[in-house]
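Engineer: need a 3D model of the following:
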Amino acid sequence: MPILAGVPLGGASNDSGVVAVASMKYGPQVETFHCLAQRLELGVHDALKSVNATNHFKIFLSTLHSLFSQSPKKPARAEGCCL
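Structural biologist: Purely as a prediction, here's the structure:
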């Protein structure tokens, strides 16, 4: 009797230990695939990567985030919230 099992990996790579152990135990019968949301995210990421304007905007936002996340005001605000 064939067995069908799904293992949600929470965004982990398909090469994780769970898949490796299942592959060793059941051999070539183990089929791995990304869920629909993961495949959509990978497709959008690849599409945006090929457009220079979006790459520059992503770098700009990343730099802006880094700048503001290192602000000395950030810990002071956190202390004010955590009384």
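Engineer: low-confidence stretches in the chain?
Structural biologist: Scanning the chain for pLDDT under 70 picks out 1-2, 5-16, 34, 74-83.
Engineer: dump the residue contacts of Lys58.
Structural biologist: Leu48 (Cβ atoms under 8 Å, 6 or more residues apart in numbering). C-beta coordinates here come from the backbone N, C-alpha and C atoms, glycine included.
Engineer: longest helix in this structure, by residue count?
Structural biologist: The single longest helix within the chain, with elements called by DSSP state H, is helix 52-69.
Engineer: give me phi/psi at Thr32?
Structural biologist: Backbone torsions of Thr32, given as degrees, to the nearest 10, read phi -110, psi 150.
Engineer: surely it and Ala20 touch.
Structural biologist: No. Using Cβ atoms under 8 Å, Thr32 makes no contact with Ala20, being 10.3 Å away.
Engineer: CA atoms of the longest helix of the chain as PDB?
Structural biologist: Output of helix 52-69 as PDB, limited to C-alpha atoms (Å, rounded to 0.1, in the frame of the first residue of the first chain):
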ATOM      1  CA  ASN A  52      17.600  47.100 -12.900                       C
ATOM      2  CA  ALA A  53      15.200  49.800 -11.600                       C
ATOM      3  CA  THR A  54      13.800  47.400  -9.000                       C
ATOM      4  CA  ASN A  55      17.300  46.200  -8.000                       C
ATOM      5  CA  HIS A  56      18.300  49.900  -7.300                       C
ATOM      6  CA  PHE A  57      15.100  50.500  -5.400                       C
ATOM      7  CA  LYS A  58      15.700  47.300  -3.300                       C
ATOM      8  CA  ILE A  59      19.300  48.400  -2.500                       C
ATOM      9  CA  PHE A  60      18.000  51.900  -1.600                       C
ATOM     10  CA  LEU A  61      15.400  50.500   0.800                       C
ATOM     11  CA  SER A  62      17.900  48.000   2.300                       C
ATOM     12  CA  THR A  63      20.400  50.800   2.900                       C
ATOM     13  CA  LEU A  64      17.700  53.100   4.400                       C
ATOM     14  CA  HIS A  65      16.600  50.200   6.700                       C
ATOM     15  CA  SER A  66      20.200  49.600   7.800                       C
ATOM     16  CA  LEU A  67      20.700  53.300   8.500                       C
ATOM     17  CA  PHE A  68      17.600  53.700  10.600                       C
ATOM     18  CA  SER A  69      18.000  50.400  12.400                       C
END
